[in-house]
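Undergrad: got a sequence here, can you build the structure:
(chains A and B, ligands or ions: 2)
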Amino acid sequence: MTDVTTLPAAIGESLAAGETPGARAARLRHYKVLAWRWAILVAFLGGWELTAATGLIDPFFFSQPTAVVARLWEWMTEGTAEGPLWFHLWVTMEESLIGFFTGAAAGIVVGIALGRNRMLADVFSIYIKVINSIPRVVLAPIFIMIFGLGLGSKVALSFVMVFFVVFSNAFQGVREADRNMIANAQILGASPWQLTRSVIVPSAMSWIFASLHVSFGFAIVGAIVGEFVGSRYGIGLLINVAKGSFDAAGMYAAIVIIMVVALAADWAMTRLEHKLAKWRPQPHGEQT
Amino acid sequence: MATISPPGDGPAVELIDVERRFLTPDGRSMTAIRDFSMTVGRGEFVAVVGPTGCGKSTTLGLVSGLSRPTLGAVRIFGEPVTGIDPRVGFVFQTDALFPWRTVVDNVVAGPLFRGRSKEEAYEGARSWLKRVGLAKFENHYPHQLSGGMRKRVALAQTFINEPKILLMDEPFSALDVQTRVVMHEELLNLWSEQQASVIFVTHDLEEAIALADRVYVLTNGPATVKSIYTIDLPRPRVVADIRYQPRFIEISHTIWNDLREEVQAGYSRSAA
Ligand SMILES: Nc1ncnc2c1ncn2[C@@H]1O[C@H](COP(=O)(O)OP(=O)(O)O)[C@@H](O)[C@H]1O
Ligand SMILES: [Mg+2]
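TA: Ligands and ions are numbered 1, 2, ... in the order given. The predicted model follows:
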């Protein structure tokens, strides 16, 4: 798109100086929400720690927050039994990222192509439905057989996890594109390719972004499930090893790492989306 | 049938015994317009009025080349319509601006689609935005403008292509009365400069009379032409005052008596 210059201040942002009663109420409410969030977190972790410490639940199976933090610290400073943590994390990230980008790109291209071409859509929709009905994880052993224990099999699994989600949203997004807007572009002189590029793709963008949000999580799932089934490195391997040695703290520590990565990715995606969607009106009452 | 007039020599728009049928969702065929004939001279401003749902938009769709007639012929400048013609401009009833583009990027869309250079397109767009009084808003997004301003962007977006035939489908029906009158004045100014032929669809009879040279009254669906009125009000017209002139009121009475039956028929049909 062409140069996007600065927008005038959004209406909601002009209240800072003289605080109105409404703004005050909104601020108080915001603090109240924050307070409750922290309270629930503290209660959950404290309850877990206490019940584990007093023997109400068995720390052998359920571990306890302090043990998990200690294990995380140990992994970060001394490395895991299988080598440095950062290396495993990097392997998993590499698999997820490659799977995510290739899967998303393929999903967008195929989704738009089928969305734009009735004939292609009618021919291929049945196959997509059939393949889509396969639970993705059962493909893991097959991919490992075909692509081996290394990067390839995990990327392939990540790819199929991501592809179908992004594909179906891109397809739907194309189908939902406003008919009036399409007619307008055609009358203004758009060729089919110009129409796709400057009307169909931008208007499908919000659908596509909605799928990208969830699908990075799916990419990680693909990589980790692949690592479970057979691998030499990766967070999935760490979980497998921890399971093999009945190391509950290690399993939870791996989960925490995955959580942090997935949340960071989601945050980055939201930022990117906001940047690209400058043109959208501010939703009423949105707060961050 | 062979046309006698050589191509490029006929009236701006001709519809000859046109019929257009649609397939309804339950698989039956539904006739939207039937035995429909209409001629628009070069530089003429024609308004089309008729009850809601009678087939006005369908007619414009045929002239624009967005859809094909089931029967009959549609010609522009004596040539049959085979697709979307670059000489045609279309202003839609609902917002058809691209919401992710700024005002100026919306206006350059047409020239850029048609392969003009960037400099030329932006230069043209800026001058058109000045014409419609939106020079200060070129970097706004459509959602940051009022309905009347968005309509002016739509006009600039259409007029920058210098259409020889301008189709307008209830373009101002969503605007408040004051804004609508301002838009009428602007439209008449632009039209008199551009010498385009206009088909202006509306369900507002006063709007039709204030703007047009001739008014086509359509029957309740399936639409055919019920009557044609020539509006002999002198030009240039001041739209804000014209509706109080005795002649305007007289014409308005005559046409309304004609139109009322159709509106009532349409109402009782949709209520049944
Ligand atoms: N694409 C379509 N498919 C089926 N029916 C349609 C289609 N477009 C219009 N119609 C029908 O044709 C009739 C005329 O519609 P339209 O031309 O939009 O009316 P108007 O613009 O006068 O309000 C309506 O009954 C409408 O339901
Ligand atoms: Mg209509």
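Undergrad: render the CA-only coordinates of stretch A:151-162 in PDB, please.
TA: What follows is stretch A:151-162, C-alpha atoms only, in PDB (Å, rounded to 0.1, in the frame of the first residue of the first chain):
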ATOM      1  CA  LEU A 151      13.800 -31.000  10.900                       C
ATOM      2  CA  GLY A 152      11.800 -32.200   7.800                       C
ATOM      3  CA  SER A 153       9.200 -34.300   9.600                       C
ATOM      4  CA  LYS A 154       8.400 -31.600  12.200                       C
ATOM      5  CA  VAL A 155       8.100 -28.900   9.600                       C
ATOM      6  CA  ALA A 156       5.800 -31.100   7.600                       C
ATOM      7  CA  LEU A 157       3.500 -31.700  10.600                       C
ATOM      8  CA  SER A 158       3.500 -28.000  11.500                       C
ATOM      9  CA  PHE A 159       2.800 -27.200   7.900                       C
ATOM     10  CA  VAL A 160      -0.400 -29.300   7.700                       C
ATOM     11  CA  MET A 161      -1.500 -28.000  11.100                       C
ATOM     12  CA  VAL A 162      -1.300 -24.400   9.900                       C
END
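Undergrad: name the helices or strands packed onto the one helix or strand B:Asn257 maps to?
TA: Here B:Asn257 sits within helix B:246-271, counting by DSSP states H and E. Judged by 3 or more Cβ pairs under 8 Å, 6 or more residues apart in numbering or on different chains; DSSP states H and E, the packing partners of helix B:246-271 are helix B:205-211, strand B:214-218, strand B:225-230. Any C-beta I mention is one placed from the backbone N, CA and C, and that applies to glycine too.
Undergrad: is the shortest one up against ligand 1 anywhere?
TA: I take that to be strand B:214-218. No - with Cβ under 6 Å from any ligand atom as the criterion, ligand 1 is not reached by strand B:214-218; the gap is at least 7.6 Å.
Undergrad: do the same with the first one
TA: No - among the residues of helix B:205-211, none lie within reach of ligand 1 under Cβ under 6 Å from any ligand atom; the closest is 13.4 Å away.
Undergrad: please work out how many residues are found near residue 254.
TA: As the question left the chain open, I've gone with chain A. 31 (other Cβ atoms under 10 Å in any protein chain shown).
Undergrad: try again with chain B
TA: 12.
Undergrad: my guess is it contacts B:Ser227. True?
TA: No - counting by Cβ atoms under 8 Å, B:Ser227 is not a contact partner of B:Thr254; they are 9.6 Å apart.
Undergrad: so where's the stretch 151-288 of chain A uncertain?
TA: Applying pLDDT under 70 to the stretch 151-288 of chain A picks out residues A:282-288.
Undergrad: and the helices in the stretch 151-288 of chain A, which stretches?
TA: A:151-175, A:179-188, A:192-195, A:201-229, A:235-244, A:248-276 (DSSP state H, counting those that start in this stretch).
Undergrad: tell me which of the ones you listed is the most buried.
TA: Comparing the helices of the stretch 151-288 of chain A by mean neighbour count (mean count of other Cβ atoms under 10 Å in any protein chain shown), helix A:151-175 ranks first with a mean of 24.
Undergrad: tell me the helices and strands packed up against that one.
TA: helix A:85-116, helix A:118-132, helix A:139-147, helix A:201-229.
Undergrad: chain center to that helix, what's the gap?
TA: 12 Å (Cα atoms, centre = their mean, to the nearest Å).
Undergrad: least trustworthy helix or strand in chain B by mean pLDDT?
TA: Within chain B, no helix or strand scores below helix B:246-271, which has a mean of 86 by mean pLDDT, DSSP states H and E.
Undergrad: which SS class is B:Asn161?
TA: coil (DSSP: H, G, I helix; E, B strand; the rest coil).
Undergrad: then stretch B:71-85 to CSV, C-alphas only?
TA: Taking Å, rounded to 0.1, in the frame of the first residue of the first chain, the C-alpha atoms of stretch B:71-85 are listed here in CSV:
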residue,chain,number,x,y,z
LEU,B,71,-33.7,-11.1,-23.9
GLY,B,72,-33.4,-7.9,-25.9
ALA,B,73,-30.5,-5.6,-26.7
VAL,B,74,-28.5,-3.1,-24.6
ARG,B,75,-26.4,-0.6,-26.6
ILE,B,76,-24.2,2.3,-25.7
PHE,B,77,-23.3,4.7,-28.4
GLY,B,78,-24.8,2.3,-30.9
GLU,B,79,-22.6,-0.6,-29.9
PRO,B,80,-23.9,-3.7,-28.1
VAL,B,81,-22.7,-4.0,-24.5
THR,B,82,-20.4,-7.0,-24.2
GLY,B,83,-18.7,-6.3,-20.9
ILE,B,84,-17.7,-3.4,-18.7
ASP,B,85,-17.1,-0.4,-20.8
